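Participant: below is the structure, and that's it, no one-letter string:
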């Protein structure tokens, strides 16, 4: 099991860098970062750092760990430009990038920045074409493609990525389209979910793989869950009220939940810093407690 850390995009850059460096020094396996331009809130206020400039900086400043967006909104960038960006960040990182990609969902930032939002089906069809564009560019010196939404004409990708290919992670749990896209294109797949949901979704992902003749074992599976490692039941319950999956309770209870993820076939757990405290010191202390009381039991 890999354990990865997700610093929130509302953090100041200095805090994001400090958290990522601390995660790397203390043995975490990866750093992920959200691709958003503003909070998903009615007043649209609050600092939100841009994803790809942030992970490029982290790729240069933080060694060893895997790094990537969780996940890039496909609607925000032309996939050929995204492939170029990814290849460059792969070089900056020395071959540690994972390209997380999803259909895009946060409507308020589309409206605020004048980005077409499309229907759910329209976003998913664009995601599928984007995967084809990116896959071709990663695989070939020059690529041609003529789709409904995107096109390439003898398009180069140079310098080539260090990784051949850069792993493509598809985020999302839509059973008819998203998981089918993941089955065809992804090396990794991610979703917010508890172990029961992961079992359900992975069974569908496996069926999509079987339908196209792909070995399901070729796709690594990861999950995101909020962390509430605490001896205070009231705090744990408040975190659960978010409606998100939670690694919650005492160290023994959290270890038991991690084991459930492992038994379900999950390869990586991603822990956001959203519930770890308001100050940098509090977040680092929560990271260290989780590492010492949970992660180290699974090494």
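Facilitator: Perfect, I can see it now. Treat the numbers as computed from the prediction; the structure is a model and nothing was measured.

Participant: where exactly do the helices run in this structure?
Facilitator: Applying DSSP state H to the chain gives helices spanning 13-25, 51-61, 79-93, 107-113, 120-139, 178-185, 195-212, 233-240, 251-264, 280-293.

Participant: and those helices, which is most packed in?
Facilitator: helix 178-185 (a mean of 23; mean count of other C-beta atoms under 10 Å). Every residue, glycine included, has its C-beta placed from N, CA and C.

Participant: the inter-axis angle of it versus helix 120-139?
Facilitator: 10 degrees (axes from the mean of the first three to the mean of the last three C-alpha atoms, to 10 degrees).

Participant: now for helix 178-185, which elements pack on it?
Facilitator: Packing contacts for helix 178-185, counted by 3 or more C-beta pairs under 8 Å, 6 or more residues apart in numbering; DSSP states H and E, involve helix 120-139, strand 168-171, helix 195-212.

Participant: how about 10 Å then?
Facilitator: strand 99-102, helix 120-139, strand 168-171, strand 188-192, helix 195-212 (3 or more C-beta pairs under 10 Å, 6 or more residues apart in numbering; DSSP states H and E).

Participant: related to what we said a few turns ago, would you list the helices of the chain in TSV and tack on distance to residue 35 and mean pLDDT?
Facilitator: TSV is the format used below for the helices of the chain (distance: least, C-beta to C-beta, whole Å; pLDDT from 0 to 100):
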stretch	distance to residue 35	mean pLDDT
helix 13-25	14	98
helix 51-61	4	98
helix 79-93	10	98
helix 107-113	10	95
helix 120-139	13	98
helix 178-185	16	98
helix 195-212	21	98
helix 233-240	24	97
helix 251-264	24	98
helix 280-293	21	98
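
Participant: can I get these in CSV with distance to residue 36?
Facilitator: CSV is the format used below for the helices of the chain (distance: least, C-beta to C-beta, whole Å):
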stretch, distance to residue 36
helix 13-25, 14
helix 51-61, 7
helix 79-93, 16
helix 107-113, 6
helix 120-139, 15
helix 178-185, 19
helix 195-212, 23
helix 233-240, 21
helix 251-264, 26
helix 280-293, 19
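
Participant: which among these is found nearest to residue 71?
Facilitator: Proximity to residue 71 (C-beta to C-beta) singles out helix 51-61 among the helices of the chain, at 9.3 Å.

Participant: so which other helices or strands are in contact with the closest one?
Facilitator: Judged by 3+ C-beta pairs under 10 Å, 6+ apart, helix 51-61 is in contact with helix 13-25, strand 30-33, strand 66-69, strand 72-73, helix 79-93.

Participant: now the angle from that helix to helix 79-93?
Facilitator: Counting by the same axes, to 10 degrees, helix 51-61 lies at 20 degrees to helix 79-93.

Participant: please name whichever of the helices and strands packed on helix 51-61 is nearest to residue 110.
Facilitator: That would be strand 72-73 among the helices and strands packed on helix 51-61, by C-beta to C-beta, at 8.8 Å.

Participant: helices or strands up against the closest one?
Facilitator: By 3+ C-beta pairs under 10 Å, 6+ apart, strand 72-73 packs against helix 51-61, helix 79-93, strand 99-102, helix 120-139, strand 168-171.
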